[in-house]
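Participant: Kindly return the folded structure for what I paste below:
(chains A and B)
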Protein chains: 2
Amino acid sequence: MRDVSIIGIGQIPVREHWAVSLQVLGAEAVVLALQDAGVERPGALYVGNMLSGQISAQENVGALIADHAGLRGIEAAKIEAACASGAAALRVGYSAVAGGLHDVVVACGVEKMTDASGEENTVALMGAADAVYEGEHGLSFVALNALLMRRYMYEYGYTREAFAGFSVNAHRNAVHNPNAMFRRAITAESYSRAKMVAEPVSLLDSPAIADGAAAVVLAPTELARRHGLRAVRIAGSAVATDSVALHDRPDPLVLAAAHASAQRAYAQAGRGPEAIDFFELHDAFTIMAALSLEACGFAAKGQGVRLAMEDAIAPTGRIPISTLGGLKARGHPVGATGLYQVVEAVLQLRGEAGDAQIPGCRVGMTQSIGGSGANVVTHILERIDD
Amino acid sequence: MRDVSIIGIGQIPVREHWAVSLQVLGAEAVVLALQDAGVERPGALYVGNMLSGQISAQENVGALIADHAGLRGIEAAKIEAACASGAAALRVGYSAVAGGLHDVVVACGVEKMTDASGEENTVALMGAADAVYEGEHGLSFVALNALLMRRYMYEYGYTREAFAGFSVNAHRNAVHNPNAMFRRAITAESYSRAKMVAEPVSLLDSPAIADGAAAVVLAPTELARRHGLRAVRIAGSAVATDSVALHDRPDPLVLAAAHASAQRAYAQAGRGPEAIDFFELHDAFTIMAALSLEACGFAAKGQGVRLAMEDAIAPTGRIPISTLGGLKARGHPVGATGLYQVVEAVLQLRGEAGDAQIPGCRVGMTQSIGGSGANVVTHILERIDD
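Facilitator: The predicted structure is shown next:
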């Protein structure tokens, strides 16, 4: 298979874009990424999206966004893997370029949540979980994460305050990101006082409803080199799955798919966690950040939260995470998130992250989690030496 | 890229499966296909589905069906391209095997429509069209096809009765298919008397709400040969898109994406329409059958309907279509349809189509249309010589 690189990136600010439609959000990110790459017409467009049907009564968004981006005629499809949809679209694009189906493709993630009420979004988001075994009980997706967080606190003897560092770090980093939704720092004290959504998950443990779109352009690394393009290599790309329902796992505090997905990506890249300079993980909830760090080899079982307590996740720490705000503070427009993570990793590896820059970083990892660990997509990205 | 073959097929009867869930329908088709191929664990599962979110409040169906099929852990994703979703999943699987991402993958199509009312399905199906420019006017998807059919009759001077042959042929062929939903022959007379849904589209021009799932197993042709597996080659695979909204096309009676998709598949296969022994086309509406035959080079513009009037589409005719009942009579569980078409083409090419067998066929074409021609996936399948 061919070595693949990201040769262009595009993103629009994560906001409540009340006046802008799904297809315009997506098309703008696609056009920005193509302009950044200096490419006019890719061979295919893969659109990561979760909620368009339930929230906007719109499917067929692959063809729709291709047309709105001025690409009528090209191959297109929507790719869905719940909250990992954007990363799953990148994965399908990676396969197409690495395998030779197309030389240049665009992977775009888009979500337009403000077309419906908060209640409707709560119902729609529950589609990431198991409708038969979990949804039927009246659980929301936040409630599932509250069960996990409570179990973690019970098993390992932590208080809720142990998780504060994840939120503090995310908000601190988002201050430097003009595309972030919440650009204000918070303190551990404000975390302690935050209003509860589903105890112990508070407003500062969970993301807001948001609209957004991000996109990347992929091409063979050799082609990028030949044309002297600014490129970031995809050194590892992997997907793994687990049961969708939490009750059906041997230990709900082990994200087996995150572990397997990371291991496959490490193996392909020929690198382990010690080689990762920063990690854009799926901090949709603070508990997910802790479990991800454990699953991917950055902390032992029950110790993930200590990395936040010790601030080892800060830009200058041992393993920086959420370097431009993460899902918590940059925002989590669900199906778009996987590509925001990748766009931000590319900014870091290009040295274009401004005041959020991780000095001298050369290898970054991104991981997106669909459902409570049911579908996990991991990518390892590398700077190419000049 | 590697030559790819279909080494296993599975399908469940198209019915109203009130008591069976989406994930069980899908998993059963996957298991049947794996058993047919003699494969235990594929590298990935791609699930074509359109309506799971809107109808069953369930997304993440890639991981969900992988788990229910006993494949927890493998790579999985849902692929959506409206009514072409099943074929789009096959296309992603084809890319993965041809390109080398995986040696063996499963592409599955599944739709469970009876989880909601007919009215809810009518709203959800409109997601295949443009919600902003078409849905806002209160149009249903049937109404869009009625506009196209009326325009065709007006432009070329046909009466409604000219389309009868498509429905008569589909129902006649479905009699021989145990997996078909409507296994009874109809006459041109009964077509004339059929109740209207949206004039001139009647009950006998359009498919019913249905549940179903179908799947295929893909592997490199060389691997299939080495293990002596019964295989059908994918000689051509292509996707093309058009505007989603009908008003935005130079001529709404030209399916430009169907034309482009077929031309790309012909070019890859090194064959033209004259080499196609049978054509599993997207006869969701009789007008779509006529327009598809024209777009793919089997009839001149305005002449597609003549193939039905002359019965050239019969099993013994010049270009047999809907050989096991088509979308009209086998049934059209939307996201599953693309893979029913492919499973049926494989049955024909293996010589296992029973009383519906096209004698001596060697090359078949399948085409799935998402929306009114917005996203079109074409595959050309070939028998491998012993």
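Participant: does stretch A:44-64 come close to chain B?
Facilitator: Yes. For stretch A:44-64 and chain B, the contact criterion (Cβ under 8 Å from any Cβ of the partner chain) is met by A:44, A:50-54, A:56-64. All C-beta spots, glycine's among them, are computed from the backbone N, C-alpha and C.
Participant: Please tell me which one of these counts the most neighbours.
Facilitator: residue A:63 (37 neighbours; other Cβ atoms under 10 Å in any protein chain shown).
Participant: wait, that one sits on residue A:73?
Facilitator: No. Using Cβ atoms under 8 Å, residue A:63 is not in contact with residue A:73; the gap is 9.8 Å.
Participant: Which neighbours do the two have in common?
Facilitator: Taking Cβ atoms under 8 Å, 6 or more residues apart in numbering or on different chains as the contact rule, residue A:63 and residue A:73 both touch B:241, B:242, B:257.
Participant: among these, which are in strands?
Facilitator: Within the shared contacts of residue A:63 and residue A:73, residues falling in strands by DSSP state E are residue B:241.
Participant: what packs against the helix or strand hosting residue A:106?
Facilitator: Using DSSP states H and E, residue A:106 sits within strand A:105-111. Here strand A:105-111 touches helix A:22-37, strand A:44-48, helix A:61-68, helix A:85-99, strand A:212-220, helix A:337-350, going by 3 or more Cβ pairs under 8 Å, 6 or more residues apart in numbering or on different chains; DSSP states H and E.
Participant: can you list the residues of the stretch 201-350 of chain A near chain B?
Facilitator: Residues of the stretch 201-350 of chain A lying near chain B (Cβ under 8 Å from any Cβ): A:238, A:239, A:240, A:241, A:242, A:243, A:244, A:248, A:256, A:257, A:260.
Participant: Tell me the pLDDT of the fourth one.
Facilitator: Meaning residue A:241. For residue A:241, the pLDDT comes out at 98.
Participant: What of the first one?
Facilitator: The model reports residue A:238 with a pLDDT of 98.
Participant: Quickly list what it is bridged to.
Facilitator: Per DSSP bridges, the residues bridged to residue A:238 are residue A:378.
Participant: any idea how far the strand holding residue A:106 is from the chain center?
Facilitator: Centroid separation for strand A:105-111 versus its chain: 12 Å, with Cα atoms, centre = their mean, to the nearest Å.
Participant: which neighbours does that strand have in its sheet, and in what orientation?
Facilitator: Counting by DSSP bridges, strand A:105-111 is paired with strand A:44-48 (parallel), strand A:212-220 (antiparallel).
Participant: Which among those strands is found nearest to residue A:135?
Facilitator: The closest approach between residue A:135 and any of the strands paired with strand A:105-111, judged by Cβ to Cβ, belongs to strand A:44-48 at 22.5 Å.
Participant: what comes into contact with that closest one?
Facilitator: A:26, A:30, A:61-62, A:65-66, A:69, A:71, A:74-81, A:85-90, A:92-93, A:96, A:101-102, A:105-110, A:335-336, A:338-339, B:239.
Participant: helix or strand right after that strand?
Facilitator: Next along from strand A:44-48, by DSSP H and E: helix A:52-56.
Participant: can you give me the strands for the stretch 201-350 of chain A?
Facilitator: For the stretch 201-350 of chain A, the strands defined by DSSP state E, counting those that start in this stretch occupy A:201-202, A:212-220, A:232-241, A:278-280.
Participant: Show me what the longest one is packed up against.
Facilitator: Which is strand A:232-241. Counting by 3+ Cβ pairs under 8 Å, 6+ apart, strand A:232-241 packs on strand A:4-11, helix A:85-99, helix A:256-269, helix A:337-350, strand A:375-383, helix B:61-68, strand B:75-80.
Participant: Thank you, goodbye.
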